[in-house]
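Enquirer: Next input, structure requested:
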Amino acid sequence: MVRHRIIAVIGLLSCFAAACSSSLSPKEVLALGRAEALWAARPFDSYTYETVISCGECPDVMRHSARVLVSNGKVVGAVLVANDSVLSPTSFVTIDGLFAQIRRYQHEEWVRDVIVAYDPQLGYPTSISTFAKSGIMDGGGAQYISNLIATP
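Expert: Predicted coordinates:
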């Protein structure tokens, strides 16, 4: 009986240690889950959104606002907002892809912290900021997501 208690305590301490070493706190993981549930409950599958990325090592084209077209769970197009120049859709992800990216960050060795803001109605991330551990140059960045519109 004592052995089972010791094993349970060790398991509990391991979980706490993992949470402490994660770039997302338990409260942030809960917020992520709530946001994903809101997003999953949306009444549409096709949409557009605008995004811009700010980071030291990003390609220049990613630093300009782009409109991403998603149809039935797949990115099918992207254009620069400024002039409607066509961009490669393979450079962008769906909102579900953004959620997956946030979840991956909590397991990335270089990530010290992740701060995410979510849309209160639909739950999609409106900003994702990553901060690198000390000694890692140009590791962090931010992505902003706005103007999400359901499409037919």
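Enquirer: From here on, just use CA atoms for contacts and neighbour counts.
Expert: Will do.
Enquirer: what about the helices in this structure?
Expert: 2-21, 26-40, 95-105 (DSSP state H).
Enquirer: list the helices and strands the last one packs on?
Expert: If you count contacts as 3 or more Cα pairs under 8 Å, 6 or more residues apart in numbering; DSSP states H and E, helix 95-105 packs onto strand 111-118, strand 125-132.
Enquirer: pLDDT averaged over that helix, what's the number?
Expert: Taken as a whole, helix 95-105 carries a mean pLDDT of 96.
Enquirer: Check the first one too.
Expert: Averaged over helix 2-21, pLDDT sits at 40.
Enquirer: again, but for the second one
Expert: Confidence over helix 26-40, taken as the mean pLDDT, stands at 96.
Enquirer: Run the angle between it and strand 111-118 for me.
Expert: Comparing the axes of helix 26-40 and strand 111-118 via axes from the mean of the first three to the mean of the last three Cα atoms, to 10 degrees yields an angle of 40 degrees.
Enquirer: Tabulate the helices and strands packed on helix 95-105 (CSV), appending mean pLDDT and distance to Ala31.
Expert: Shown next, in CSV, are those (pLDDT from 0 to 100; distance: least, Cα to Cα, whole Å):
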stretch, mean pLDDT, distance to Ala31
strand 111-118, 94, 9
strand 125-132, 94, 11
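Enquirer: Let me have those strands in CSV, extended by mean neighbour count.
Expert: Shown next, in CSV, are the helices and strands packed on helix 95-105 (neighbours: other Cα atoms under 10 Å):
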stretch, mean neighbour count
strand 111-118, 18
strand 125-132, 20
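Enquirer: Out of the ones you listed, which is closest to Ser85?
Expert: Ser85 lies closest to strand 125-132 among the helices and strands packed on helix 95-105, at 23.5 Å (Cα to Cα).
Enquirer: partners of that closest one in the sheet?
Expert: Counting by DSSP bridges, the strands paired with strand 125-132 are strand 111-118 (antiparallel), strand 141-150 (antiparallel).
Enquirer: now the angle from that strand to helix 95-105?
Expert: 30 degrees.
Enquirer: And the contacts of strand 125-132?
Expert: Where contact means Cα atoms under 8 Å, 6 or more residues apart in numbering, the residues beyond strand 125-132 that reach it are 35, 95, 98-99, 102, 110-119, 138-146.
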